[in-house]
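In: Give me a model of this one.
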Amino acid sequence: MTIKHLLFAAAALTLGLAGCRSIQPIAAPNPGAGTVAAIGEAGPEANPTAAAARLSAADAEALTFLREEEKLAHDVYTTFAELWDAPLFSNIVESESSHTTAVQRLLEQYGVPDPAADNPIGVFSDPTLQDLYDELVEQGSASLIAALEVGGYIEEMDILDLRAKASDVAGLERLFDNLERGSTSHLKAFVRNLEKAGEPYQPQLMSADVYETIVAGETDTGGGAAPGASRLRPAG
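Out: Reported below is the predicted structural model:
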């Protein structure tokens, strides 16, 4: 089963952030592994105003979008953890908390306004992400299997979005790379849980080759979305 009825408008937003960057080797940490410092530490900056001046408009836009995209994953999984008796969601929520905090710290470091400031679970400044959150929660509320498939969709989306981002700022590149490793680990965890439930996972955004390389644990995945597939819209 694939996720249906997600918004087409989201594709244009994500593709607007796209660039070209080489794919770094992917490790396979356990879900929840990694700390905020390891994920988002960009080094001390004595003058935040000067730091912001060195951050390009594209970098600021990417970081702003990433903040709420990571919050989306955190909030969806938090909702599912309360709805379904599946420890996987609670475990991954801890990891997503560190991810979104890492992005928040870089926003603060570079003097970029935080779009998620003071927003409770399920509330987003970006209307596209708000609609996406509502749709994903609706889909995953149907059954535990549907919730696990929503998790797979989110992680595929995050991996492809991260691979589309490019930055000359070392701290941002390090953040993108480490977040991708985390999403890779989470995707594998959702796949394993679905297989244990007798529901083989089918990639929803990635090409078959890219997906198979990732779940096989190889280090150089290359590639990206299947031809014609958008980042925030399910294939098929």
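In: quick one, phi/psi of Ala147?
Out: phi -60, psi -40 (degrees, to the nearest 10).
In: how far away is it from Asp59?
Out: Between Ala147 and Asp59 the computed distance is 34 Å (C-beta to C-beta, to the nearest Å). Yep, even glycine has a C-beta here, placed from its N, CA and C like the rest.
In: Would you map the helices across this structure?
Out: In the chain, the segments counted as helices under DSSP state H are 9-15, 36-40, 48-54, 57-83, 87-109, 127-140, 144-164, 170-196, 208-215.
In: what about Ala147 and Asp59, which has more around it?
Out: Ranked by neighbour count (other C-beta atoms under 10 Å), Ala147 and Asp59 place Ala147 first, with 25 against 20.
In: Mind putting the helices of the chain into CSV with mean pLDDT and distance to Gln202?
Out: Shown next, in CSV, are the helices of the chain (pLDDT from 0 to 100; distance: least, C-beta to C-beta, whole Å):
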stretch, mean pLDDT, distance to Gln202
helix 9-15, 37, 20
helix 36-40, 41, 29
helix 48-54, 54, 43
helix 57-83, 96, 20
helix 87-109, 94, 19
helix 127-140, 98, 15
helix 144-164, 97, 9
helix 170-196, 95, 10
helix 208-215, 93, 9
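In: deepest of those, which one?
Out: Ranked by mean neighbour count, the helices of the chain are led by helix 144-164 with a mean of 24 (mean count of other C-beta atoms under 10 Å).
In: Just the C-alpha atoms of it, please, in CSV.
Out: Listed next in CSV are the C-alpha coordinates belonging to helix 144-164 (Å, rounded to 0.1, in the frame of the first residue of the first chain):
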residue,chain,number,x,y,z
LEU,A,144,-0.4,0.5,12.5
ILE,A,145,0.7,-0.8,9.0
ALA,A,146,-0.3,2.5,7.5
ALA,A,147,1.6,4.4,10.2
LEU,A,148,4.7,2.5,9.5
GLU,A,149,4.4,3.2,5.8
VAL,A,150,3.9,6.9,6.5
GLY,A,151,7.2,6.6,8.5
GLY,A,152,8.9,5.1,5.4
TYR,A,153,7.5,7.9,3.2
ILE,A,154,8.8,10.6,5.6
GLU,A,155,12.3,9.1,5.7
GLU,A,156,12.5,8.7,1.9
MET,A,157,11.4,12.3,1.5
ASP,A,158,14.0,13.5,4.0
ILE,A,159,16.8,11.6,2.4
LEU,A,160,16.0,13.0,-1.1
ASP,A,161,15.6,16.5,0.2
LEU,A,162,18.9,16.4,2.0
ARG,A,163,20.6,15.1,-1.1
ALA,A,164,19.2,18.0,-3.1
